[in-house]
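Colleague: Quick one, fold the following:
(2 chains)
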2 protein chains.
Amino acid sequence: MSRPVGEREIIARIRQAAGNSGDLLVGIGDDCAVYKAGPDRISLVTTDTMVEGVHFDRSWHPPVALGRKAAAVNISDIAAMGGQPRFALLSLALTSAFGGQWLDAFMAGFLAVLAEYGVVLIGGDTVQGGHESVLSVTVLGEMDEAELITRKGARAGDVVLVSGFLGEAAAGLSLCRLGLSHDSGWQPLVSAHLDPVPQVALGRVLAESGVVHAMQDLSDGLATDLAHICTESGVAAVVVADKIPLSPLLHEAAKICGQSPLDWALAGGEDYQLLFTVGEQQVAELSSLVRAQTGRELFAVGRIVEGQGVFIEEAGQRREISYRGYEHFR
Amino acid sequence: MSRPVGEREIIARIRQAAGNSGDLLVGIGDDCAVYKAGPDRISLVTTDTMVEGVHFDRSWHPPVALGRKAAAVNISDIAAMGGQPRFALLSLALTSAFGGQWLDAFMAGFLAVLAEYGVVLIGGDTVQGGHESVLSVTVLGEMDEAELITRKGARAGDVVLVSGFLGEAAAGLSLCRLGLSHDSGWQPLVSAHLDPVPQVALGRVLAESGVVHAMQDLSDGLATDLAHICTESGVAAVVVADKIPLSPLLHEAAKICGQSPLDWALAGGEDYQLLFTVGEQQVAELSSLVRAQTGRELFAVGRIVEGQGVFIEEAGQRREISYRGYEHFR
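Modeller: Below is the predicted model of the structure:
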């Protein structure tokens, strides 16, 4: 008797079944797979699939924005390891409802983001779809082997840092659902949802710094993404609620939407900021370096400690939040 | 007003819109995209998407066979340029009807073929599907830059060669449709359809020989695939009907199915033999080399000539067959 298979179970089955190779540096379980391309040079590859009706809705998702996002989230996976994105593949299984006008707009958005990051579209596949269209994007990147940052290197005592405001994309999604996406006052939040910005330049600075122990991009929310780093590194983490960077606009949106800004930050996902850990002695110097090279601020949100799990300290209480998806907080 | 977009139109739009890069050696329009990975080393990448109900049917396609074929056809694209396949990505958008038992069988077939060719599964994506499941496979390969064989190098005077019997897979498909797939007498044809064999070792021998001018794998049938080589190389081709290798079993199956064995060979597709061109002076020596290193025979089926188009000579008549798909012959 067959039974439905959850995503986590599928990944576990595939991860268990996958083999290994001497040239494979990072396999299933990180932002990208990584393999040796030359004596000191490595290749990174990541892929992402979007299903109509599950991940996007043709009736209200503007095709330009969808094209931009499809490119951005894959480029973000390269940024999450400190790599330079180089090439992209695009596979389209389109239903007949997707006409030339839709495709032109989608491609315009997709190619504009590729161009912003110097990425070239080099191939793909186009086939007839069934009832829903399915889009698959693959991005290839490269970097020096010595600079690679995986999820595995976090150490007890490290400071946990994030590269910007959290919860913005989740707030933007809630505003879209309330029909407020065209209100210009909410634009920063709506843009965070519709048009995320992969942190490629920052990722390169962090990789070149040589002091970052573990990193990934924030795609599922701090609670889940930090749990990935902790699991892969064999450590635990404690984040401090008051230290999580929340924008004034997020607080306003939370009132309108009747949501908790902290829950958006912990579990909303799709912020595509970078999450990483650094030894305490290196935080000040790294922050100065990042400010000088990118004009960006870093935010220390917690600590890596011995043990397992991700915990939050809020109003004197500590509770576990590991792997909590958005629905667990509602 | 939107209108439906054909696959060829989509590819043309995307090819036109795609940019370029100094490190990109082959972009859209060949079996694989090819880019520089090191001083003399190149990477190859290919991807293929299969939609339930369009490319496979869960109710009668055995999952093990589907997994094997999904791996084989992508590996064949690497073989088609003379490369060594190394790594694979698998993206699954599965409906809830696809249970753990189906997935285990699919993965067993998929991973068995990867293992046969020394390919390691390194990543992918698993998402919830809509009404149909969609499977995307990407395979990465590598080779020395000097050995790369594209579709572009065919020259007037070249001999056109194929690596084995043609039409076998199309015959196998017809037999399956007639419910004869379990008759052991037809097994070679049914296997050619269900379980194609990528020609990796032969592709490597041809690449190392240094004498092959243009090559691709036979996925759409001789008429279409040779037209690709001619278009990319700016030449024409004439094939001789009597020289096309057709097995005795194919002739038998053609009688049962009421089909023409030659049409199967020209337009049936999915044979995954290699199609390539070589200067006339090199044919004998290359054939000896291939026989010695792989035990395989090569079949000369025609000539490259000046001009454009693909023509066939049959019973003293010459007719054009360029880009004729299966349905054009029925």
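Colleague: so where do the strands sit in the stretch 101-250 of chain A?
Modeller: For the stretch 101-250 of chain A, the strands defined by DSSP state E, counting those that start in this stretch cover A:120-128, A:134-144, A:159-162, A:212-217, A:236-240.
Colleague: Just say which of these is most tucked in.
Modeller: strand A:134-144 (a mean of 27; mean count of other C-beta atoms under 10 Å in any protein chain shown). C-beta here means a position set from N, CA and C on the backbone, and glycine is covered the same way.
Colleague: ok, back up a step: can you redo the strands of the stretch 101-250 of chain A as CSV with distance to chain B?
Modeller: Putting the strands of the stretch 101-250 of chain A into CSV (distance: least, C-beta to the nearest C-beta, whole Å) gives the following:
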stretch, distance to chain B
strand A:120-128, 4
strand A:134-144, 4
strand A:159-162, 24
strand A:212-217, 14
strand A:236-240, 25
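Colleague: Format those strands as CSV; extra columns: mean pLDDT.
Modeller: Shown next, in CSV, are the strands of the stretch 101-250 of chain A (pLDDT from 0 to 100):
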stretch, mean pLDDT
strand A:120-128, 88
strand A:134-144, 94
strand A:159-162, 98
strand A:212-217, 97
strand A:236-240, 98
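Colleague: and residue B:136, which of those strands is closest to it?
Modeller: Residue B:136 lies closest, by C-beta to C-beta, to one member of the strands of the stretch 101-250 of chain A: strand A:134-144, at 4.5 Å.
Colleague: now for the closest one, which elements pack on it?
Modeller: When contacts are defined as 3 or more C-beta pairs under 8 Å, 6 or more residues apart in numbering or on different chains; DSSP states H and E, strand A:134-144 sits against strand A:41-51, helix A:63-79, strand A:84-94, strand B:41-51, strand B:84-94, strand B:134-144.
Colleague: for stretch A:301-313, what is the average pLDDT?
Modeller: Model confidence over stretch A:301-313, given as mean pLDDT, is 97.
Colleague: now stretch A:257-266
Modeller: Here the average pLDDT along stretch A:257-266 is 95.
Colleague: Could you list the alpha-carbon positions for it in PDB?
Modeller: Output of stretch A:257-266 as PDB, limited to C-alpha atoms (Å, rounded to 0.1, in the frame of the first residue of the first chain):
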ATOM      1  CA  CYS A 257      -2.600  42.100  10.100                       C
ATOM      2  CA  GLY A 258      -3.100  41.000  13.700                       C
ATOM      3  CA  GLN A 259       0.100  39.100  13.800                       C
ATOM      4  CA  SER A 260       3.200  39.000  16.000                       C
ATOM      5  CA  PRO A 261       6.300  40.600  14.400                       C
ATOM      6  CA  LEU A 262       8.500  38.200  16.300                       C
ATOM      7  CA  ASP A 263       6.700  35.200  14.900                       C
ATOM      8  CA  TRP A 264       7.100  36.600  11.400                       C
ATOM      9  CA  ALA A 265      10.900  36.900  12.000                       C
ATOM     10  CA  LEU A 266      11.200  33.500  13.500                       C
END
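Colleague: which parts of that stretch are buried?
Modeller: By 16 or more other C-beta atoms under 10 Å in any protein chain shown, the buried positions in stretch A:257-266 come out as A:257, A:259, A:261-266.
Colleague: Near the closest residue to chain B within the stretch 151-300 of chain A, how many other residues are there?
Modeller: Scanning the stretch 151-300 of chain A for the residue nearest chain B gives residue A:219, at 11.9 Å (criterion: C-beta to the nearest C-beta). By other C-beta atoms under 10 Å in any protein chain shown, the residues close to residue A:219 number 22.
Colleague: Now it: closest residue in space, sequence neighbours ignored.
Modeller: Once flanking residues are discounted, residue A:219 sits nearest to residue A:269: 5.9 Å by C-beta to C-beta, 6 or more residues apart in numbering or on different chains.
Colleague: What is the neighbour count of the closest residue to chain B within the stretch 51-200 of chain A?
Modeller: The stretch 51-200 of chain A approaches chain B most closely through residue A:99 (2.4 Å), counting by C-beta to the nearest C-beta. Burial of residue A:99 is recorded as 14 neighbouring residues (other C-beta under 10 Å).
Colleague: Quickly name whichever of the buried residues of stretch A:257-266 is closest to residue A:249.
Modeller: residue A:261 (10.0 Å).
Colleague: so what's that closest one up against?
Modeller: Neighbour list for residue A:261: A:167, A:171, A:246, A:250-251, A:253-254 [criterion: C-beta atoms under 8 Å, 6 or more residues apart in numbering or on different chains].
Colleague: What sits closest to it if chain neighbours are left out?
Modeller: Once chain neighbours are set aside, the closest to residue A:261 by C-beta to C-beta, 6+ apart is residue A:254, at 4.2 Å.
Colleague: Who are the contact partners of that neighbour?
Modeller: Residues in contact with residue A:254 (C-beta under 8 Å, 6+ apart) are A:171, A:260-261, A:264.
Colleague: and chain A, what are its domains?
Modeller: With domains defined by automatic domain parsing, chain A comprises A:7-147, A:159-329.
Colleague: ok now the shortest one, how far from the chain's centre?
Modeller: Here domain A:7-147 shows a centroid-to-chain-centroid distance of 12 Å under the convention C-alpha atoms, centre = their mean, to the nearest Å.
Colleague: The last one too?
Modeller: Averaging C-alpha positions (C-alpha atoms, centre = their mean) puts domain A:159-329 10 Å from its chain's average.
Colleague: For chain A, which segments are assigned as helices?
Modeller: Assigned by DSSP state H, chain A shows helices spanning A:7-17, A:63-79, A:100-116, A:168-177, A:187-194, A:200-209, A:222-233, A:248-257, A:261-267, A:283-294.
Colleague: could I get those helices as a markdown table with distance to residue A:89?
Modeller: A markdown table is the format used below for the helices of chain A (distance: least, C-beta to C-beta, whole Å):
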| stretch | distance to residue A:89 |
| --- | --- |
| helix A:7-17 | 20 |
| helix A:63-79 | 10 |
| helix A:100-116 | 11 |
| helix A:168-177 | 25 |
| helix A:187-194 | 23 |
| helix A:200-209 | 18 |
| helix A:222-233 | 25 |
| helix A:248-257 | 35 |
| helix A:261-267 | 31 |
| helix A:283-294 | 29 |
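Colleague: and the ones you listed, which one's lowest on average pLDDT?
Modeller: When those are compared by mean pLDDT, helix A:7-17 comes last with a mean of 70.
Colleague: Please name every helix or strand in contact with that one.
Modeller: strand B:84-94, helix B:100-116, strand B:120-128.
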